[in-house]
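**Student:** Got a predicted model here, sequence first, then my questions.
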Amino acid sequence: HVQLVESGGGSVQAGGSLTLSCIASGKIESDSYCMAWIRQAPGKAHEWVARLDATGATTYATPAEGRFTISRDNAKNTLYLQMNSLKTEDTAVYYCATVIWHGGAPVYNYWGQGTQVTVS
């Protein structure tokens, strides 16, 4: 049984910062998996934000590039998303997820429950 639990969301003014955390437990250890942050804004589809693979390589979606940083603490089995210079359009529920690859495409197979980020 895989469990991902996010925390750290909240309300912040535009230009502010937040750090999200995601603790992984169960069949996986977060340091051996590709992990990602995904968000869903009101009335919109899920949007991939950032990925961190098992080698430590990071990839960011264009809206997150230069403002967000994905990282991992293997000792704590925790994935982070540091978000700076937040904008109102960053308002969304943020999910962490594990990633597997099928035919070169990412598949987000396990998800947390999400944490709300509101930027005003």
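**Tutor:** Done, it's in.
**Student:** Show me which strand runs longest in this protein.
**Tutor:** Scanning the chain for the longest strand, with DSSP state E as the assignment, gives strand 92-102.
**Student:** List the buried residues of the following helix or strand past that one.
**Tutor:** The helix or strand immediately downstream of strand 92-102 is strand 105-111, counting by DSSP states H and E. Along strand 105-111, these residues count as buried under the neighbour rule (16 or more other CB atoms under 10 Å): 108, 110-111. Just so you know, the C-beta spots here come from the backbone N, C-alpha and C atoms, and that holds for glycine as well.
**Student:** which among those residues gets closest to Gly56?
**Tutor:** Gly56 has its nearest neighbour among these in Tyr108, at 19.4 Å by CB to CB.
**Student:** do you know how far the closest one is from Gly16?
**Tutor:** 27 Å (CB to CB, to the nearest Å).
**Student:** again, but for Ile23
**Tutor:** Between Ile23 and Gly16 the distance is 24 Å, computed by CB to CB.
**Student:** quick one, which of these two is more surrounded?
**Tutor:** Shown here are Ile23 and Gly16; by other CB atoms under 10 Å, Ile23 has more neighbours (17 against 14).
**Student:** picking that back up, now the longest strand of the chain, how far from the centre of its chain.
**Tutor:** Mean-position distance between strand 92-102 and its chain equals 7 Å (CA atoms, centre = their mean, to the nearest Å).
**Student:** Give me the sheet partners of that strand and which way each runs.
**Tutor:** Strand 92-102 pairs in its sheet with strand 34-40 (antiparallel), strand 105-111 (antiparallel), strand 115-119 (antiparallel), by DSSP bridges.
**Student:** quick one: contacts of stretch 99-109?
**Tutor:** 33-36, 38, 48, 51, 53, 97-98 (CB atoms under 8 Å, 6 or more residues apart in numbering).
**Student:** nope, stretch 112-120 is what I meant
**Tutor:** For stretch 112-120, the external contacting residues (CB under 8 Å, 6+ apart) are 4-14, 16, 18, 20, 22, 39-40, 83, 86-97.
**Student:** cool, stretch 20-29 as well?
**Tutor:** 1-9, 30, 33, 35, 37, 74, 76-81, 83, 94, 96, 98, 110, 112, 115, 117.
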